[in-house]
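A.B. asks: sequence? don't have it. structure:
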């Protein structure tokens, strides 16, 4: 019942819109990241292994495990505070500034996000080797 209600509340942030995301939970190295404000974020421009260490067909496949990528993402955006019943890592972190690039599959918003703790999250995930740049979605994004 709660899951169904969340799906009714969560919607994709329109392309180009800037928004705030205070992270509350993380699934894997490229998302979703749950935001206290409502959106579910799929980090733009990158691909990380799934939490079971698989890689989806036709996307880049980094060497870092799914758990390594997830744990790195959690540290970049906050502090782990426990686990949900579903297996998500609960996280407490400061608000990030994000810009939507549209639908990131289903109710997820694909977005470029900047964390006050680490900077451009997608860039740092690639630089750390936890994710690979996915040229199809990276486009002209720059890491400054």
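C.D. replies: That came in fine, so what should we check first? These numbers were taken from a predicted model, which means no experiment stands behind them. Residues are numbered from 1 along each chain as shown.

A.B. asks: Check which residues of stretch 70-80 are buried.
C.D. replies: For stretch 70-80, a neighbour-count test (16 or more other CB atoms under 10 Å) marks 70, 71, 72, 73, 74, 76, 77, 78, 80 as buried. C-beta here means a position set from N, CA and C on the backbone, and glycine is covered the same way.

A.B. asks: what's the closest of the residues you listed to residue 53?
C.D. replies: Using CB to CB, residue 70 is the member of those that lies nearest residue 53, at 11.0 Å.

A.B. asks: so the nearest residue to the closest one once chain neighbours are set aside, which of the three states?
C.D. replies: What sits nearest to residue 70 in space, not counting adjacent residues and going by CB to CB, 6 or more residues apart in numbering, is residue 28, at 4.8 Å. With DSSP: H, G, I helix; E, B strand; the rest coil as the basis, the three-state label of residue 28 is coil.

A.B. asks: What about residue 28, how many residues nearby?
C.D. replies: One way to gauge burial is a neighbour count; for residue 28, by other CB atoms under 10 Å, it gives 21.

A.B. asks: I figured it hits residue 68, correct?
C.D. replies: No: Residue 28 is not in contact with residue 68 according to CB atoms under 8 Å; the separation is 10.3 Å.

A.B. asks: who's in contact with residue 143?
C.D. replies: Residue 143 sits next to 120, 123, 126, 127 when contact means CB atoms under 8 Å, 6 or more residues apart in numbering.
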